[in-house]
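Chemist: 3D model of this:
(2 chains)
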Number of protein chains: 2
Amino acid sequence: MTITAQQVRLKERPTGFPDDQTWEYTSVELPPLAAGQFLVKVDYLSLDPAMRGWLNDVRSYVPPVKIGAVMRAHGIGTVVESRHGDFEVGETVVGMFGAADHAISDGQDVTRADLAIADAPTWLGTLGMTGMTAYFGLLDVGKVETGDTVVVSGAAGADGSVVGQVAKAKGATVIGIAGGPEKCAWLTETLGFDAAIDYKNESVSRRLRELAPKGIDVFFDNVGGEILDSALANLSRGARVVICGGISSYNESKLPPGPSRYMSLLVFRATMTGFVVFDFEDRYSEATEQISAWLADGTLIAREYVAEGGISAFGDALHMLFAGANTGKLVLKV
Amino acid sequence: MTITAQQVRLKERPTGFPDDQTWEYTSVELPPLAAGQFLVKVDYLSLDPAMRGWLNDVRSYVPPVKIGAVMRAHGIGTVVESRHGDFEVGETVVGMFGAADHAISDGQDVTRADLAIADAPTWLGTLGMTGMTAYFGLLDVGKVETGDTVVVSGAAGADGSVVGQVAKAKGATVIGIAGGPEKCAWLTETLGFDAAIDYKNESVSRRLRELAPKGIDVFFDNVGGEILDSALANLSRGARVVICGGISSYNESKLPPGPSRYMSLLVFRATMTGFVVFDFEDRYSEATEQISAWLADGTLIAREYVAEGGISAFGDALHMLFAGANTGKLVLKV
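Modeler: Numbering: from 1, shown residues only, chains lettered A, B, ... in the order given. From the prediction side, this is the model:
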């Protein structure tokens, strides 16, 4: 069986937003499988803010994507051919298969997805890296406790919407920060957040003072910039600030100023901690089990925004992410 | 006995550096002692960067000094009259007596100093709040371990010089950042630091990369600004950044930009934590005992810079602190 894979490769490192110059769409005939490999037909790709960081030629928690290489991307797909002892044709698998419609894998860091538990897009979102990020970031890094006031930025995005719901499940009061009245209404009316702040139309600082008069116990940040500063000014004593992302600066060609209120950490005896979900790999099964149970009993609601158009729409779909066009997890149907 | 106290009072809140408009020097006849009070003749005043923050009318870890009030200051002195059951005439006491040559105290948060262990200025420095700050900040907040690479900014200052020596005592490799070749030479030749970086004449980032090729495990920051950013870019995985102070911004009328490299916390899975030494009050005796032992066996060297001129030189002495004129702990002889 000869397979031609449609792939997205990094042509040129972007300085601001990735654009048409950034990507090259290629058709490549895949080599025959070697022993220990299997072929995946990719059904959905995960689109993540972290992808922007992977394009920069800097030292980070993973190496940058090389010029000319297939773009790094999580996907879910079906095994269509196998010379691997552990993976059989027909199985649904999740892994870092890259931005392509077909990929060869050696099984490393590949997990199985049970579509009886949730649809394929959910296995990239609430049951995927997104869910893992929310779960470990909030519980292990943020150390959330019953009665805490938790504030999450990018709250209507992939991570944020799960973080808020998990915090509610743990007995916290949850305030989400999102852009626009529709997203805010979704947070409070559908997801059960206690309150939402529309950063496009409200003063985040003033609203945080009103909504969290005793201060924020856990701030889970996906955004950075002014929103991080507003949160820092409104912490409670001993607060935990979890740095999950900083999407507001990802497309800046020059590093923007950092949080001018970082000395609030001293005033409030607070901690700001960064984390990378991959470090919790040994415990993914624990999170998957708990999140599956929460999805089954309605504690968590999974929402994905499925972009159409196949592999050739990869660049456009990624752009949606940085424009805040999606509510919930953004995936691309391949 | 009627006593006229010479005092320094806050006349006007400064916007930049405190100057002549900031202070009012007053002579006030103290009232007779009430039951439970004692009178202290103050011998030395502690001059601390934190004082600048106490002048701002903002919410912080202590209330701001009120306009017209005696400036808040730690001092060491002698009990010269007592109606307090626990404090006798002739005892040497340390406490927040304020910027004055005589003060009435009710004994709250007042401790005794044994001048057989160390001279009076040392009881404001290495055996005072300075030593407590270094001890708990490095050991409890920074969680230093044998073999760690510790970097301290403001290294030739009061806290910094103790931090570096305590880190050496704990088996760490210690790099100090200070201003000028004399201070740097003092760090390496007298205090036993492994290396020193002269931020006025060297690139801190480049030198940190050279001196800490495996990254910084603990960064103890007294300074903020660009030096904090340089350290953030050179952390090791799991590093602890201890925010003790940020003297580079204390006299700015507008809050300067924060650390643009704060996302390094994510890359390195690092933690940035602020602390206030007062929170460790219950354990001061533990630190005092350990530091006394280290002073006795030569592990720690105490150094104070004694400003002369009495109470009326308070404003000038404080200015020396922000100009970096002192090496070691700055105290004012009353």
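
Chemist: who touches the spatially most central residue of chain A in this structure?
Modeler: Residue closest to the average C-alpha location in chain A (CA atoms, centre = their mean): residue A:130, at 4.4 Å. Residues in contact with residue A:130, defined by CB atoms under 8 Å, 6 or more residues apart in numbering or on different chains, are A:46, A:48, A:124, A:158-159, A:162, A:329. Backbone N, C-alpha and C define where each C-beta goes, glycine included.

Chemist: secondary structure class of it, three-state.
Modeler: helix (DSSP: H, G, I helix; E, B strand; the rest coil).

Chemist: do the same with residue A:150
Modeler: At residue A:150 the chain is in strand, as set by three-state DSSP.

Chemist: could you report the distance from it to residue A:171?
Modeler: Applying CB to CB, to the nearest Å, the value for residue A:150 to residue A:171 is 10 Å.

Chemist: repeat for residue A:46
Modeler: 30 Å.

Chemist: one more: residue A:229?
Modeler: Per CB to CB, residue A:229 is found 28 Å from residue A:171.

Chemist: same deal with residue A:287?
Modeler: 18 Å.

Chemist: how about residue A:161?
Modeler: 18 Å.

Chemist: of these two, which one has the most company?
Modeler: Taking neighbours as other CB atoms under 10 Å in any protein chain shown, residue A:161 and residue A:171 compare with residue A:161 leading, 32 against 11.

Chemist: residues contacting the more buried one?
Modeler: Residues near residue A:161 by CB under 8 Å, 6+ apart: A:155, A:176, A:187, A:191, A:303, A:327-329.

Chemist: please repeat the previous calculation with a cut-off of 7 Å.
Modeler: A:155, A:191, A:303, A:328 (CB atoms under 7 Å, 6 or more residues apart in numbering or on different chains).

Chemist: which of those has the largest number of neighbours?
Modeler: Counting by other CB under 10 Å, top hit in the contacts of residue A:161: residue A:155 with 29 neighbours.

Chemist: grab the nearest non-local neighbour of that residue.
Modeler: Spatially, and ignoring its direct neighbours in sequence, residue A:155 is nearest to residue A:176 (2.9 Å; CB to CB, 6 or more residues apart in numbering or on different chains).

Chemist: tell me which element that neighbour falls in.
Modeler: strand A:173-178 (DSSP states H and E).

Chemist: and for residue A:121?
Modeler: Assigned by DSSP H and E, residue A:121 belongs to helix A:120-124.

Chemist: average model confidence for that helix?
Modeler: Mean pLDDT, computed over helix A:120-124, is 97.

Chemist: which helices and strands does that helix pack with?
Modeler: For helix A:120-124, the packing partners by 3 or more CB pairs under 7 Å, 6 or more residues apart in numbering or on different chains; DSSP states H and E come out as strand A:38-46, strand A:75-82, strand A:304-307, strand A:329-333.

Chemist: so what touches it?
Modeler: Contacts for helix A:120-124 (CB under 7 Å, 6+ apart): A:43-44, A:46, A:74, A:76, A:94, A:113, A:302, A:304, A:306, A:329, A:331.

Chemist: surely residue A:330 meets residue A:318?
Modeler: No: using CB atoms under 7 Å, residue A:330 is not in contact with residue A:318, being 8.6 Å away.

Chemist: which neighbours do the two share?
Modeler: Common contact partners of residue A:330 and residue A:318 (CB under 7 Å, 6+ apart): residue A:47.

Chemist: does residue A:87 touch residue A:38 like I think?
Modeler: Yes: Residue A:87 is within contact range of residue A:38, at 4.8 Å (criterion: CB under 7 Å).

Chemist: more crowded one of those two?
Modeler: Using other CB under 10 Å as the criterion, residue A:87 and residue A:38 rank with residue A:38 on top: 24 against 21.

Chemist: and that one, what are its bridge partners?
Modeler: Residue A:38 forms beta bridges with residue A:82, residue A:105, as assigned by DSSP bridges.

Chemist: wait, what's in contact with it?
Modeler: A:79, A:81-84, A:87, A:105, A:107.

Chemist: out of these, which is most surrounded?
Modeler: Neighbour-wise, these (other CB under 10 Å) top out at residue A:105, 23 neighbours.

Chemist: quick one: that residue and residue A:25, what's the gap?
Modeler: Taken as CB to CB, the span from residue A:105 to residue A:25 is 21 Å.
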